[in-house]
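In: Please find the sequence and the predicted model below.
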Amino acid sequence: MNAHIDLTGQVAVVTGVLGKLGAIWTDALLGAGAQVVGLDRTTVLPDALKDVTSRHDERRFHLVAADVTDTGSLTSALTSCQAMAGTPTILVNNAGIDQPPSATGGSWLFGDIPADVSAAVLDVNALGVLRVCQVFGSEMARNGAGSIVNIGSLYGSMAPDPRLYEHLPQDPPFLKPPAYGMSKAAAAALTRYLAALWGPVGVRVNTLSPGGVSGGQDGEFRRKFGERVPLRRMAEAADLTGPLLFLASGMSSYVTGTELLVDGGYVSW
(Lines give C-alpha, C1' and ligand atoms only; values in the text may rest on other atoms or scores of the structure.)
Protein backbone atom coordinates (compact mmCIF):
# COMPACT_ATOMS: atom_id res chain seq x y z
CA MET A 1 0.00 0.00 0.00
CA ASN A 2 1.16 3.55 -0.70
CA ALA A 3 2.86 4.87 2.43
CA HIS A 4 1.21 8.29 2.30
CA ILE A 5 -2.18 7.94 0.63
CA ASP A 6 -4.77 5.40 1.75
CA LEU A 7 -7.64 4.73 -0.68
CA THR A 8 -8.98 1.69 1.18
CA GLY A 9 -12.72 1.45 0.61
CA GLN A 10 -12.59 3.59 -2.53
CA VAL A 11 -13.86 2.31 -5.89
CA ALA A 12 -11.82 3.58 -8.83
CA VAL A 13 -12.85 3.24 -12.48
CA VAL A 14 -10.10 3.45 -15.12
CA THR A 15 -11.13 3.66 -18.76
CA GLY A 16 -8.83 2.37 -21.48
CA VAL A 17 -7.21 0.23 -18.81
CA LEU A 18 -5.46 -2.05 -21.33
CA GLY A 19 -3.60 0.86 -22.91
CA LYS A 20 -0.06 2.08 -22.24
CA LEU A 21 -0.86 4.21 -19.20
CA GLY A 22 -3.67 2.01 -17.86
CA ALA A 23 -1.26 -0.26 -15.99
CA ILE A 24 0.40 2.77 -14.37
CA TRP A 25 -2.87 4.15 -12.99
CA THR A 26 -4.04 0.69 -11.92
CA ASP A 27 -0.80 -0.05 -10.09
CA ALA A 28 -1.00 3.25 -8.20
CA LEU A 29 -4.64 2.82 -7.21
CA LEU A 30 -4.31 -0.82 -6.17
CA GLY A 31 -1.15 0.05 -4.27
CA ALA A 32 -3.07 2.67 -2.30
CA GLY A 33 -5.74 0.12 -1.36
CA ALA A 34 -8.57 0.97 -3.77
CA GLN A 35 -10.72 -1.45 -5.69
CA VAL A 36 -10.19 -0.88 -9.41
CA VAL A 37 -12.71 -1.51 -12.15
CA GLY A 38 -10.95 -1.34 -15.50
CA LEU A 39 -12.91 -0.66 -18.67
CA ASP A 40 -11.78 -1.53 -22.18
CA ARG A 41 -13.17 -2.95 -25.39
CA THR A 42 -11.73 -6.41 -24.75
CA THR A 43 -11.13 -8.40 -21.57
CA VAL A 44 -7.78 -9.98 -22.44
CA LEU A 45 -5.14 -8.76 -20.01
CA PRO A 46 -1.79 -7.71 -21.54
CA ASP A 47 1.37 -8.82 -19.77
CA ALA A 48 1.94 -5.40 -18.19
CA LEU A 49 -1.43 -5.48 -16.47
CA LYS A 50 -1.05 -9.12 -15.47
CA ASP A 51 2.18 -8.17 -13.75
CA VAL A 52 0.46 -5.31 -11.93
CA THR A 53 -2.47 -7.34 -10.65
CA SER A 54 -0.19 -10.19 -9.57
CA ARG A 55 1.62 -7.82 -7.20
CA HIS A 56 -1.60 -6.81 -5.44
CA ASP A 57 -4.74 -8.47 -4.13
CA GLU A 58 -6.24 -9.65 -7.43
CA ARG A 59 -9.70 -9.69 -5.86
CA ARG A 60 -9.60 -5.90 -5.88
CA PHE A 61 -9.27 -5.71 -9.67
CA HIS A 62 -12.21 -6.19 -12.03
CA LEU A 63 -12.17 -5.96 -15.82
CA VAL A 64 -15.35 -4.99 -17.66
CA ALA A 65 -15.89 -4.75 -21.42
CA ALA A 66 -17.02 -1.27 -22.43
CA ASP A 67 -16.55 1.12 -25.33
CA VAL A 68 -16.31 4.87 -24.64
CA THR A 69 -17.89 5.53 -28.05
CA ASP A 70 -21.05 3.65 -27.01
CA THR A 71 -23.18 5.13 -24.23
CA GLY A 72 -25.21 1.92 -23.91
CA SER A 73 -22.13 -0.15 -23.16
CA LEU A 74 -21.03 2.41 -20.56
CA THR A 75 -24.41 2.24 -18.86
CA SER A 76 -24.10 -1.55 -18.69
CA ALA A 77 -20.55 -1.20 -17.36
CA LEU A 78 -21.76 1.08 -14.56
CA THR A 79 -24.29 -1.56 -13.53
CA SER A 80 -21.52 -4.19 -13.52
CA CYS A 81 -19.25 -1.90 -11.53
CA GLN A 82 -21.87 -1.33 -8.87
CA ALA A 83 -22.57 -5.06 -8.62
CA MET A 84 -18.87 -5.98 -8.37
CA ALA A 85 -17.46 -3.17 -6.25
CA GLY A 86 -20.01 -0.44 -5.56
CA THR A 87 -20.61 3.08 -6.81
CA PRO A 88 -17.38 4.64 -8.10
CA THR A 89 -15.73 7.31 -5.99
CA ILE A 90 -12.75 7.83 -8.34
CA LEU A 91 -12.91 8.04 -12.13
CA VAL A 92 -9.80 8.13 -14.30
CA ASN A 93 -10.65 8.99 -17.89
CA ASN A 94 -7.66 7.38 -19.56
CA ALA A 95 -9.05 5.94 -22.81
CA GLY A 96 -7.52 7.61 -25.83
CA ILE A 97 -6.13 7.28 -29.33
CA ASP A 98 -2.63 8.52 -30.05
CA GLN A 99 -0.17 8.11 -32.91
CA PRO A 100 3.36 7.98 -31.54
CA PRO A 101 6.34 8.65 -33.82
CA SER A 102 6.83 5.94 -36.43
CA ALA A 103 3.88 3.95 -35.13
CA THR A 104 2.68 3.02 -38.60
CA GLY A 105 5.59 4.03 -40.78
CA GLY A 106 3.31 6.45 -42.63
CA SER A 107 2.05 10.00 -42.35
CA TRP A 108 0.20 12.68 -44.28
CA LEU A 109 0.66 16.25 -45.30
CA PHE A 110 -1.58 18.45 -43.15
CA GLY A 111 -4.04 19.09 -45.97
CA ASP A 112 -4.34 15.37 -46.71
CA ILE A 113 -5.21 14.07 -43.23
CA PRO A 114 -8.34 11.94 -43.74
CA ALA A 115 -11.44 13.26 -42.00
CA ASP A 116 -12.22 9.85 -40.56
CA VAL A 117 -8.81 9.71 -38.84
CA SER A 118 -9.45 13.01 -37.08
CA ALA A 119 -13.05 12.06 -36.29
CA ALA A 120 -11.97 8.79 -34.65
CA VAL A 121 -9.50 10.59 -32.37
CA LEU A 122 -12.07 13.20 -31.35
CA ASP A 123 -14.75 10.57 -30.81
CA VAL A 124 -12.63 8.65 -28.30
CA ASN A 125 -10.49 11.35 -26.70
CA ALA A 126 -13.06 14.14 -26.40
CA LEU A 127 -16.58 12.77 -26.82
CA GLY A 128 -15.52 9.57 -25.06
CA VAL A 129 -14.59 11.54 -21.93
CA LEU A 130 -17.92 13.37 -22.16
CA ARG A 131 -19.87 10.11 -22.42
CA VAL A 132 -18.06 8.49 -19.51
CA CYS A 133 -18.66 11.56 -17.36
CA GLN A 134 -22.33 11.58 -18.35
CA VAL A 135 -22.73 7.99 -17.18
CA PHE A 136 -20.24 7.46 -14.35
CA GLY A 137 -19.77 11.09 -13.30
CA SER A 138 -23.50 11.68 -13.06
CA GLU A 139 -23.79 8.69 -10.74
CA MET A 140 -20.98 10.08 -8.59
CA ALA A 141 -22.80 13.42 -8.47
CA ARG A 142 -26.02 11.70 -7.40
CA ASN A 143 -24.02 9.98 -4.68
CA GLY A 144 -22.58 13.32 -3.59
CA ALA A 145 -18.87 12.47 -3.59
CA GLY A 146 -15.92 11.64 -5.77
CA SER A 147 -12.88 12.71 -7.74
CA ILE A 148 -12.68 12.65 -11.52
CA VAL A 149 -9.25 12.80 -13.16
CA ASN A 150 -9.28 13.40 -16.90
CA ILE A 151 -5.99 12.36 -18.51
CA GLY A 152 -4.90 15.18 -20.76
CA SER A 153 -1.61 15.90 -22.48
CA LEU A 154 1.08 18.51 -22.78
CA TYR A 155 -0.14 18.84 -26.37
CA GLY A 156 -3.50 20.10 -25.16
CA SER A 157 -1.78 23.42 -24.40
CA MET A 158 1.44 23.25 -26.45
CA ALA A 159 2.00 22.55 -30.14
CA PRO A 160 4.15 19.52 -31.01
CA ASP A 161 7.62 20.53 -32.15
CA PRO A 162 8.06 19.12 -35.69
CA ARG A 163 11.84 19.15 -35.24
CA LEU A 164 11.53 16.24 -32.80
CA TYR A 165 10.52 14.02 -35.71
CA GLU A 166 12.82 15.25 -38.48
CA HIS A 167 15.18 12.29 -38.14
CA LEU A 168 12.45 9.73 -38.90
CA PRO A 169 12.78 8.31 -42.45
CA GLN A 170 9.19 8.98 -43.52
CA ASP A 171 7.82 10.66 -46.61
CA PRO A 172 5.91 12.83 -46.03
CA PRO A 173 7.55 13.62 -42.67
CA PHE A 174 5.83 12.38 -39.52
CA LEU A 175 3.11 14.78 -38.40
CA LYS A 176 1.49 14.48 -34.99
CA PRO A 177 -2.27 14.35 -35.71
CA PRO A 178 -3.74 17.78 -34.92
CA ALA A 179 -6.93 16.17 -33.62
CA TYR A 180 -4.94 14.72 -30.70
CA GLY A 181 -4.09 18.13 -29.23
CA MET A 182 -7.58 19.37 -30.05
CA SER A 183 -9.11 16.45 -28.16
CA LYS A 184 -6.94 16.97 -25.08
CA ALA A 185 -7.73 20.68 -25.00
CA ALA A 186 -11.40 19.72 -25.16
CA ALA A 187 -10.99 17.36 -22.21
CA ALA A 188 -9.42 20.17 -20.17
CA ALA A 189 -12.34 22.45 -21.07
CA LEU A 190 -14.78 19.76 -19.95
CA THR A 191 -12.86 19.51 -16.68
CA ARG A 192 -13.53 23.18 -15.94
CA TYR A 193 -17.18 22.87 -16.96
CA LEU A 194 -17.84 19.88 -14.70
CA ALA A 195 -15.84 21.31 -11.80
CA ALA A 196 -18.22 24.26 -11.77
CA LEU A 197 -21.29 22.07 -12.27
CA TRP A 198 -20.55 19.39 -9.69
CA GLY A 199 -18.50 21.26 -7.11
CA PRO A 200 -21.61 22.11 -5.05
CA VAL A 201 -22.49 18.40 -4.72
CA GLY A 202 -19.01 17.28 -3.68
CA VAL A 203 -17.48 15.95 -6.91
CA ARG A 204 -14.08 17.36 -7.86
CA VAL A 205 -12.86 17.29 -11.48
CA ASN A 206 -9.26 17.88 -12.57
CA THR A 207 -6.99 17.20 -15.54
CA LEU A 208 -3.65 15.40 -15.24
CA SER A 209 -1.54 16.15 -18.30
CA PRO A 210 1.72 14.21 -18.75
CA GLY A 211 4.50 15.42 -20.98
CA GLY A 212 6.39 12.88 -23.06
CA VAL A 213 6.21 9.48 -21.38
CA SER A 214 9.04 7.06 -22.10
CA GLY A 215 7.84 3.89 -23.80
CA GLY A 216 9.53 2.44 -26.84
CA GLN A 217 10.48 5.63 -28.67
CA ASP A 218 13.70 5.57 -30.67
CA GLY A 219 16.85 6.81 -28.99
CA GLU A 220 17.24 9.93 -31.11
CA PHE A 221 13.71 11.05 -30.30
CA ARG A 222 14.31 10.51 -26.58
CA ARG A 223 17.55 12.48 -26.79
CA LYS A 224 15.95 15.41 -28.58
CA PHE A 225 12.92 15.44 -26.33
CA GLY A 226 15.12 15.31 -23.22
CA GLU A 227 17.11 18.30 -24.43
CA ARG A 228 13.82 20.22 -24.67
CA VAL A 229 12.95 19.46 -21.02
CA PRO A 230 14.59 21.30 -18.08
CA LEU A 231 14.83 17.99 -16.16
CA ARG A 232 16.57 16.56 -19.25
CA ARG A 233 14.53 13.40 -19.64
CA MET A 234 11.15 11.96 -20.54
CA ALA A 235 8.64 10.99 -17.85
CA GLU A 236 8.72 7.51 -16.33
CA ALA A 237 5.83 5.61 -14.76
CA ALA A 238 6.94 6.55 -11.24
CA ASP A 239 6.66 10.24 -12.14
CA LEU A 240 2.94 9.90 -12.83
CA THR A 241 1.65 7.89 -9.88
CA GLY A 242 2.10 10.55 -7.20
CA PRO A 243 0.22 13.24 -9.15
CA LEU A 244 -2.63 10.80 -9.85
CA LEU A 245 -2.96 9.76 -6.20
CA PHE A 246 -2.83 13.41 -5.12
CA LEU A 247 -5.74 14.32 -7.40
CA ALA A 248 -7.71 11.15 -6.63
CA SER A 249 -7.42 11.43 -2.86
CA GLY A 250 -8.42 13.78 -0.09
CA MET A 251 -4.96 15.36 -0.24
CA SER A 252 -6.41 17.58 -2.99
CA SER A 253 -9.75 18.18 -1.26
CA TYR A 254 -9.73 21.89 -2.20
CA VAL A 255 -8.43 21.39 -5.75
CA THR A 256 -10.90 21.31 -8.62
CA GLY A 257 -11.14 22.64 -12.16
CA THR A 258 -7.39 22.73 -12.65
CA GLU A 259 -4.83 21.11 -14.96
CA LEU A 260 -1.76 19.54 -13.40
CA LEU A 261 1.07 19.43 -15.94
CA VAL A 262 3.59 16.65 -15.26
CA ASP A 263 6.06 17.68 -17.93
CA GLY A 264 9.49 18.07 -16.32
CA GLY A 265 9.25 21.83 -16.87
CA TYR A 266 8.64 21.62 -20.63
CA VAL A 267 6.40 24.71 -20.65
CA SER A 268 8.89 26.77 -18.65
CA TRP A 269 10.76 27.94 -21.75
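Out: Here it is on my side, so go on. Numbering: from 1, shown residues only.
In: quick one: pLDDT of the most far-flung residue of the chain relative to its centre?
Out: Distance to the chain centre peaks in the chain at D171, reaching 30.6 Å (criterion: CA atoms, centre = their mean). In this model, D171 is scored at 84, pLDDT.
In: low pLDDT regions in the stretch 1-150 of the chain?
Out: The stretch 1-150 of the chain contains residues with pLDDT under 70 at 1-3, 101-106.
In: Quick check: L39 is in a strand.
Out: Yes: according to DSSP: H, G, I helix; E, B strand; the rest coil, L39 belongs to a strand.
In: now the closest residue to it other than its chain neighbours: how far from L194?
Out: Nearest non-adjacent residue to L39, counting by CB to CB, 6 or more residues apart in numbering: A66, 4.2 Å away. In short, each C-beta sits where N, CA and C put it, glycine included. Separation of A66 from L194 (CB to CB, to the nearest Å): 20 Å.
In: Compare these two (neighbour count), which wins?
Out: Set A66 next to L194 and count neighbours by other CB atoms under 10 Å: A66 wins out with 30 against 25.
In: Give the buried residues for the helix or strand hosting G72.
Out: G72 belongs to helix 71-84 when elements are defined using DSSP states H and E. For helix 71-84, burial by neighbour count (16 or more other CB atoms under 10 Å) applies to S73, L74, A77, L78, C81.
In: again with stretch 36-53
Out: V36, V37, G38, L39, D40, L45, P46, A48, L49, V52, T53.
In: one step back: what separates the residue farthest from the centre of the chain from D239, distance-wise?
Out: On the measure of CB to CB, D171 and D239 end up 35 Å apart.
In: again, but for V135
Out: Distance from V135 to D239, by CB to CB: 30 Å.
In: Check G202 too.
Out: G202 is 29 Å from D239, by CB to CB.
In: and the two? which has more neighbours close in?
Out: Comparing G202 with D239 by other CB under 10 Å, the one with more neighbours is D239, at 19 against 13.
In: That'll do, ta.
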